[in-house]
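Trainee: need the 3D shape of this:
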Amino acid sequence: MAERYEQILKDNKLSLTAVRLAVLQVLQDHPHSDAMYIFARVKKNIATASRQAIYNNLNTLVEHAIVREIKPKGKASLYETKVGDNHHHIVCTNCDQVSDTDCHSFAPCLSPTDSHGFAIKEAEVIFWGLCPDCQK
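Mentor: Residues are numbered from 1 along each chain as shown. You can find the predicted model right below:
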């Protein structure tokens, strides 16, 4: 896994820092994590890591489309390494669990009736509901 991310970083002309690689490892192991969770996990292995370093790295990784940022309303941004597809998310309104869900290619929300001249890159849909555990 580390070699794959090292190559992705090199391909994007980004430096291979310990913190950056640790952020990617956390996201690989724990998708849909927020910055504070990532910071806590990285800090366990890299004592000198700072919150600002985590935010800076997340911003850079999102900017280079290596990491995807998900912004559920009323919640902290979440991050994942699953990029390059048009999957969506389901969020539990009770416990905040997040799951991936593939989109149907025929979904009308993915094709706006008028793009207003925009070059559409991505559509984001978040479904809200109760996860199986919270339904019990």
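Trainee: please count neighbours and contacts with C-alpha atoms only from this point.
Mentor: Will do.
Trainee: at which residues are the strands of this protein located?
Mentor: 33-34, 68-70, 78-80, 88-92, 98-101, 126-129 (DSSP state E).
Trainee: any chance of those in JSON lines, plus distance to residue 114?
Mentor: JSON lines is the format used below for these (distance: least, CA to CA, whole Å):
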{"stretch": "strand 33-34", "distance to residue 114": "34"}
{"stretch": "strand 68-70", "distance to residue 114": "24"}
{"stretch": "strand 78-80", "distance to residue 114": "29"}
{"stretch": "strand 88-92", "distance to residue 114": "22"}
{"stretch": "strand 98-101", "distance to residue 114": "26"}
{"stretch": "strand 126-129", "distance to residue 114": "21"}
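Trainee: let me have those strands in a markdown table, extended by mean pLDDT and mean neighbour count.
Mentor: Shown next, in a markdown table, are the strands of the chain (pLDDT from 0 to 100; neighbours: other CA atoms under 10 Å):
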| stretch | mean pLDDT | mean neighbour count |
| --- | --- | --- |
| strand 33-34 | 97 | 20 |
| strand 68-70 | 95 | 20 |
| strand 78-80 | 97 | 21 |
| strand 88-92 | 90 | 18 |
| strand 98-101 | 91 | 16 |
| strand 126-129 | 89 | 15 |
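Trainee: so which of those is nearest residue 52?
Mentor: strand 33-34 (13.7 Å; CA to CA).
Trainee: how far does the closest one sit from its chain's centre?
Mentor: The chain centre lies 8 Å from the centre of strand 33-34; the measure is CA atoms, centre = their mean, to the nearest Å.
Trainee: quick one, domains of the chain?
Mentor: Domain assignment for the chain, taken from automatic domain parsing, gives 2-79, 85-135.
Trainee: good, we can wrap up now.
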